[in-house]
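Participant: A predicted structure for the sequence below; I have some questions about it.
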Amino acid sequence: MNKIEIFNKLNALNTKINNFELSELLETLKREIMLDDIKNTSDKERTKYCLNTLKNNTKTHINFNGCFIDENNNQMITDSYFFVNLVECDFINGFNKVGEIEEKAFKNLKRDFALYRVYEYTPIKVNVKDILNLVKMKEQLIGFDFINDDGIKKIVYFNTKLLKDLIYFLNLQNKETFELLVKHPLKPAYVVKENGSYGLISPVKKDNG
């Protein structure tokens, strides 16, 4: 049994008995797991992950997803909750067209992205490894503080699995940090890489019930 499996079993037990010493042990184990090194994903692993992600989403809840190569030789991929526009060095090998989607839909997404970039956004530094660790720990949400246009502090929440998907599709490396540009708790945030690849991701509402 590895550390993550031990943590998950203890965590399930902790919710039942609410023991202080057990909670302390869980926090220690969690810190140890966070310190574990995460290896960079190979091209083959990335391709397999992305293909499986898009196919699984197609089966469950998405009717607007797919991949398209545009006239500028950019690879555009969406699963409705995120969208990426990849330059050639970030292409997902063997991933030229998946699912049924019209070129017009992708062009609309690119137009929306151009509109998003007109506005001012708050940059939030995100560590790739932290997100991957949160998914390992089965943490479903992560919240980030930011100041909106009215100078009011807000919190925007993202599904950690969707952030992991965006990381893989954008070809972000495990030791990298990236800027998640946000404007509103319910408006898409975006990431722009120096090489020209970019992505959009939808935040989620936190269930306070």
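Facilitator: Thanks, I have it. Numbering: from 1, shown residues only.
Participant: packing partners for the helix or strand hosting Tyr190?
Facilitator: If you go by DSSP states H and E, Tyr190 is part of strand 189-192. Judged by 3 or more CB pairs under 8 Å, 6 or more residues apart in numbering; DSSP states H and E, the packing partners of strand 189-192 are strand 177-182, strand 198-201. Heads up, the C-betas are built off the backbone N, CA and C, glycines and all.
Participant: could these be laid out in a markdown table, adding distance to Ile152, mean neighbour count and mean pLDDT?
Facilitator: Formatted as a markdown table, the helices and strands packed on strand 189-192 follow (distance: least, CB to CB, whole Å; neighbours: other CB atoms under 10 Å; pLDDT from 0 to 100):
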| stretch | distance to Ile152 | mean neighbour count | mean pLDDT |
| --- | --- | --- | --- |
| strand 177-182 | 14 | 19 | 92 |
| strand 198-201 | 22 | 23 | 90 |
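Participant: Now for this structure, the helix or strand with the poorest mean pLDDT.
Facilitator: helix 20-35 (a mean of 63; mean pLDDT, DSSP states H and E).
Participant: ok, then the element right after that one?
Facilitator: Taking DSSP H and E, what comes next after helix 20-35 is helix 43-60.
Participant: packing partners for that following helix?
Facilitator: Helix 43-60 packs on helix 160-169, going by 3+ CB pairs under 8 Å, 6+ apart.
Participant: Show me what the helix it packs on packs onto, helices and strands only.
Facilitator: Packed next to helix 160-169, using 3+ CB pairs under 8 Å, 6+ apart, are helix 43-60, strand 82-86, helix 128-136, strand 141-147, strand 198-201.
Participant: so Phe158 is in which element?
Facilitator: Per DSSP H and E: strand 153-159 holds Phe158.
Participant: send the alpha carbons of that strand over as PDB?
Facilitator: Provided in PDB are the C-alpha atoms of strand 153-159 (Å, rounded to 0.1, in the frame of the first residue of the first chain):
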ATOM      1  CA  LYS A 153     -11.800  40.700  -2.900                       C
ATOM      2  CA  LYS A 154     -13.300  37.600  -4.500                       C
ATOM      3  CA  ILE A 155     -12.600  33.900  -4.700                       C
ATOM      4  CA  VAL A 156     -12.600  32.000  -7.900                       C
ATOM      5  CA  TYR A 157     -12.800  28.200  -7.800                       C
ATOM      6  CA  PHE A 158     -11.600  25.600 -10.300                       C
ATOM      7  CA  ASN A 159     -12.100  21.800 -10.500                       C
END
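Participant: Now do the buried residues in that strand.
Facilitator: Neighbour-count burial for strand 153-159 flags Lys154, Val156, Tyr157, Phe158, Asn159 (criterion: 16 or more other CB atoms under 10 Å).
Participant: and the direction of it versus that of helix 128-136, what angle?
Facilitator: If you take axes from the mean of the first three to the mean of the last three CA atoms, to 10 degrees, strand 153-159 sits at 60 degrees to helix 128-136.
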